[in-house]
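Undergrad: Could you look at this predicted model? Sequence included:
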Amino acid sequence: MTEAPVIGVLALQGDVREHLIALAAADAVARPVRRPEELAEVDGLVLPGGESTTISKLAVLFGLMEPLRARVRDGMPVYGTCAGMIMLADKILDPRSGQETIGGIDMIVRRNAFGRQNESFEAAVDLKGVVGDPVEGVFIRAPWVESVGAGAEVLAEHAGHVVAVRQGNALATSFHPELTGDHRVHGLFVEMVRAWRTAESL
Ligand SMILES: NC(=O)CC[C@H](N)C(=O)O
């Protein structure tokens, strides 16, 4: 068996711990990433849910925004959930002032599209690439994808709105698989990281 891939979780704000646990359960070595030197050492990165405006500001403050963009541009696999999905969008429809994204997926997202905190909900989602039953989608002040460009593939929709997208090695979901105890989506991401590592070492 090949060595487990090392996958970071951007640990500036948000539900970092839950992702670390889900990645470990999906057979990755998981560690928090707060500094550029830590980013340089991982084979893949998860961008957690939280507050995308805060994550954006802290990424700039910690000198991580440019290194993040560079690694995504170079093809490092990334997976963003909720606020993390917003961070991967090339464009936000309704950004807060000064809010930046890493980008990487040719899509426009609408923040808080599914409503406020007390309108959070769960729904079964059929996610392309995950075998078996639908995944349980936990939507918390979730964004939806308003439109996707030609390079991006839609992996799931809910109530007529796009909620999961992949472009190359960048994966994004509006919902939070890290909160359900079902590690299949993290498993899918770990496989993306393994494939990339293998391709890079050839
Ligand atoms: N659960 C979440 O990550 C919420 C995302 C939040 N609404 C944002 O705009 O960043």
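TA: Noted; the coordinates are in hand.
Undergrad: Is the ligand within reach of stretch 88-106?
TA: No. Stretch 88-106 does not reach the ligand (Cβ under 6 Å from any ligand atom); its nearest approach is 8.3 Å. From N, CA and C alone the C-beta is placed, and that goes for glycine too.
Undergrad: Can we start the residue count at 48 from this point?
TA: Yes, from this point I'll number from 48; that puts the last item at stretch 135-153.
Undergrad: now what about that stretch, what contacts it?
TA: 94, 99-100, 103-104, 106-107, 112, 115-116, 119-120, 125, 127, 133-134, 154-158, 192-193, 195-199, 212-215, 217, 219 (Cβ atoms under 8 Å, 6 or more residues apart in numbering).
Undergrad: Buried subset of these as a ChimeraX selection?
TA: To isolate the buried members of those in ChimeraX, using 16 or more other Cβ atoms under 10 Å:
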select :94,99,100,103,104,106,112,115,116,119,125,127,133,134,154,155,156,157,158,192,193,195,199,212,213,214,215,217,219
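Undergrad: List, out of the contacts of stretch 135-153, those positioned next to the ligand.
TA: Checking the contacts of stretch 135-153 against the ligand (Cβ under 6 Å from any ligand atom), the matches are 99, 133, 158.
Undergrad: Just the pLDDT for the closest residue to residue 218 other than its chain neighbours.
TA: Distance criterion Cβ to Cβ, 6 or more residues apart in numbering; nearest residue to residue 218, sequence neighbours excluded, is residue 126 at 4.5 Å. You'll see residue 126 listed with a pLDDT of 99.
Undergrad: And residue 126, how far from the ligand?
TA: 13 Å (Cβ to the nearest ligand atom, to the nearest Å).
Undergrad: count of residues packed around that residue?
TA: Neighbourhood size, residue 126 [other Cβ atoms under 10 Å]: 31.
Undergrad: With the one 4 residues further on instead?
TA: Number of residues near residue 130 (other Cβ under 10 Å) recorded here: 26.
Undergrad: Contact partners for the residue positioned nearest the centre of the chain?
TA: With distances taken as Cα atoms, centre = their mean, the chain has residue 127 as the residue nearest its mean C-alpha position (0.9 Å). Contact analysis of residue 127 by Cβ under 8 Å, 6+ apart lists 93, 94, 133, 134, 135, 217, 218, 219, 220.
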